[in-house]
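Peer 1: any chance you could fold what I've pasted below:
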Amino acid sequence: MNFAPSEWFGFNKRARHDMTFAKTINGETSTKKVYGHFNVWALLFTWFYALFSVRCRTPFFMLKTAVPFLGMVLLNMIAQLFFTDQIVLGIGLLGDIWYGFMFETWFRNQLVANGYQQVA
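Peer 2: Numbers count the residues shown, from 1 in each chain. Predicted coordinates for the structure are as follows:
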């Protein structure tokens, strides 16, 4: 798994168009769709969307999305110590927007790491 800062903040390498990935597992083809737009569900539910979404079930993806989620929680806890509630809410909203923009890119990168090949 790649935990480099370019993985988490690589807006220039973001998924920008819809892609389909496939992998043959035990004689059956598994197909996953990556969307090239902002993920509203990831904005609203953050890590819980990766946890409960059937579409996102691939090895290590829940761990990969838990790391930035826990980082956002830690950042919000620290921000509450030093800033007013409005600033803390703003930091939380910016974190959620970042999570929504990068979610599909993280999903694509994990599919590639798991051996999926792009077919369309």
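
Peer 1: which one is Gln80 nearest to, not counting chain neighbours?
Peer 2: Val88 (5.3 Å; Cβ to Cβ, 6 or more residues apart in numbering). C-betas here are computed from N, CA, C, even on glycine.

Peer 1: what segments of this protein are strands?
Peer 2: 19-25, 28-34, 117-118 (DSSP state E).

Peer 1: looking at these, spot the one closest to Leu70.
Peer 2: strand 28-34 (23.5 Å; Cβ to Cβ).

Peer 1: pairing partners for the closest one, with directions?
Peer 2: When pairs are called by DSSP bridges, strand 28-34 turns out to pair with strand 19-25 (antiparallel).

Peer 1: using a markdown table, lay out the strands of the chain together with distance to Phe60, mean neighbour count and mean pLDDT.
Peer 2: Converted to a markdown table, the strands of the chain look like this (distance: least, Cβ to Cβ, whole Å; neighbours: other Cβ atoms under 10 Å; pLDDT from 0 to 100):
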| stretch | distance to Phe60 | mean neighbour count | mean pLDDT |
| --- | --- | --- | --- |
| strand 19-25 | 14 | 15 | 91 |
| strand 28-34 | 14 | 14 | 90 |
| strand 117-118 | 18 | 12 | 90 |
